[in-house]
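# based on what follows, work out the 3D shape:
(one chain, ligands or ions: 1)
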Amino acid sequence: MSSTPKVLFGFHAVGVRLKTAPQSIVEIYFEPTRRDARMRQFLDRAREAGVRLIEADGLRIARLAGTQGHQGVAARVQAVEQVHSLDGLLENLEAAGQVPLLLVLDGVTDPHNLGACLRVADGAGAHAVIAPKDHAVGINATVAKVASGAAETVPYFMVTNLARTLGELQERNIWCIGTSGDAPRTLYQADLRGPVALVLGAEGSGMRQLTRKTCDELVSIPMQGAVESLNVSVASGVCLYEALRQRGLPA
Ligand SMILES: C[S@@+](CC[C@H](N)C(=O)[O-])C[C@H]1O[C@@H](n2cnc3c(N)ncnc32)[C@H](O)[C@@H]1O
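Below is the predicted model of the structure:
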């Protein structure tokens, strides 16, 4: 699994870490000139959690975060112990009687897209996101910010050989469904109630040939207008929420 960033910034990303693993936060930097309700509530939660708070001006926080879009908060954090391998995660799911719902991204390189994919994966209850090591963006501070905390909650596995990993998922009876605008069957004709891995392609070129060939089935999302395809994070959302709908939405 890829390592967590050393610095998180923005209310969402730091807030989720505060909620899920406050002991992993070394210190939080905040702009004391920001005195709005959101900042006050955030600082109250940080104080309750016993986290060290350091006043800093916007410039210092921007240097730490590597961006101006930090909302006046950044945190230095240690990596959180999580499930270390995809195998471990799948075994845990099996032991818990849960039906795997996985999102596979074949070469998403834009950190904003990966952040948005993680966010929707969290929203829809996907168990993990999988990507190839050599052709994809890893978790960095921008991904964590765009993911709004989901980089902390959704395991992200970067694998050496994606086609081989899909084969291993298939051996575990996980049905690999590739998505492509030219597939003859639609997403809505696919059965997403069993263990599934939804496979999405890269921003420009879509799924690689070998990935496409390895999938058990290919489906398309119907497009009604003039545009040929959806953004990969939007397509991820459509696919994952269709799986959630078919599995029965939680009450
Ligand atoms: C921006 S699209 C890539 C478009 C690319 N030209 C192609 O041929 O796939 C990124 C990914 O989102 C998914 N996607 C976008 N629109 C889709 C659609 N209408 N049907 C199925 N998948 C779609 C696919 O996984 C695609 O590889």
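
# the helices in this protein, which residues?
Counting by DSSP state H, the chain forms helices over residues 11-20, 37-48, 58-65, 86-95, 111-124, 141-146, 150-153, 162-171, 209-214, 232-247, given from the N-terminal end onward.

# closest to residue 185 out of these?
Set against residue 185 and scored by CB to CB, the helices of the chain come closest in helix 232-247, at 13.0 Å. Where you see a C-beta, it was placed from the backbone N, CA and C, and this is true even at glycine.

# mean neighbour count, mean pLDDT and distance to the ligand for the helices of the chain - can I get that in CSV?
Compiled in CSV, those are given as follows (neighbours: other CB atoms under 10 Å; pLDDT from 0 to 100; distance: least, CB to the nearest ligand atom, whole Å):
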stretch, mean neighbour count, mean pLDDT, distance to the ligand
helix 11-20, 21, 86, 24
helix 37-48, 14, 95, 34
helix 58-65, 16, 94, 28
helix 86-95, 15, 88, 20
helix 111-124, 23, 97, 9
helix 141-146, 24, 92, 17
helix 150-153, 24, 89, 19
helix 162-171, 17, 97, 13
helix 209-214, 16, 98, 9
helix 232-247, 20, 97, 4
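
# can you put these in CSV and add distance to residue 185?
As requested, the helices of the chain are arranged in CSV below (distance: least, CB to CB, whole Å):
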stretch, distance to residue 185
helix 11-20, 37
helix 37-48, 46
helix 58-65, 44
helix 86-95, 26
helix 111-124, 21
helix 141-146, 32
helix 150-153, 30
helix 162-171, 19
helix 209-214, 14
helix 232-247, 13
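
# pLDDT score for residue 21?
Per-residue confidence at residue 21 stands at 78 (pLDDT).

# follow-up on the earlier one: of the helices of the chain, which is nearest residue 186?
Between residue 186 and the helices of the chain, the shortest gap by CB to CB is with helix 232-247, which sits at 9.9 Å.

# could you say what helices and strands that closest one packs with?
Based on contacts counted as 3 or more CB pairs under 8 Å, 6 or more residues apart in numbering; DSSP states H and E, the elements that helix 232-247 packs against are strand 101-106, helix 111-124, strand 175-179, strand 196-201.

# next, format those as TSV and append distance to residue 16.
Rendered in TSV, the data for those read as follows (distance: least, CB to CB, whole Å):
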stretch	distance to residue 16
strand 101-106	19
helix 111-124	9
strand 175-179	28
strand 196-201	24
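
# what's the closest of the ones you listed to residue 213?
Once CB to CB is applied to these, the stretch that comes out nearest is strand 175-179, at 9.1 Å.

# hmm, who's touching the closest one?
Residues from elsewhere that reach strand 175-179, judged by CB atoms under 8 Å, 6 or more residues apart in numbering: 104, 166, 169-170, 187, 190, 192, 194-201, 207, 211-212, 214-221, 235, 239.

# with just CA atoms, put it into CSV.
Extracted in CSV, the C-alpha atoms of strand 175-179 (Å, rounded to 0.1, in the frame of the first residue of the first chain):
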residue,chain,number,x,y,z
TRP,A,175,-15.8,-10.6,-11.3
CYS,A,176,-13.7,-7.9,-13.1
ILE,A,177,-15.9,-5.5,-15.0
GLY,A,178,-14.1,-3.1,-17.4
THR,A,179,-15.7,0.1,-18.5
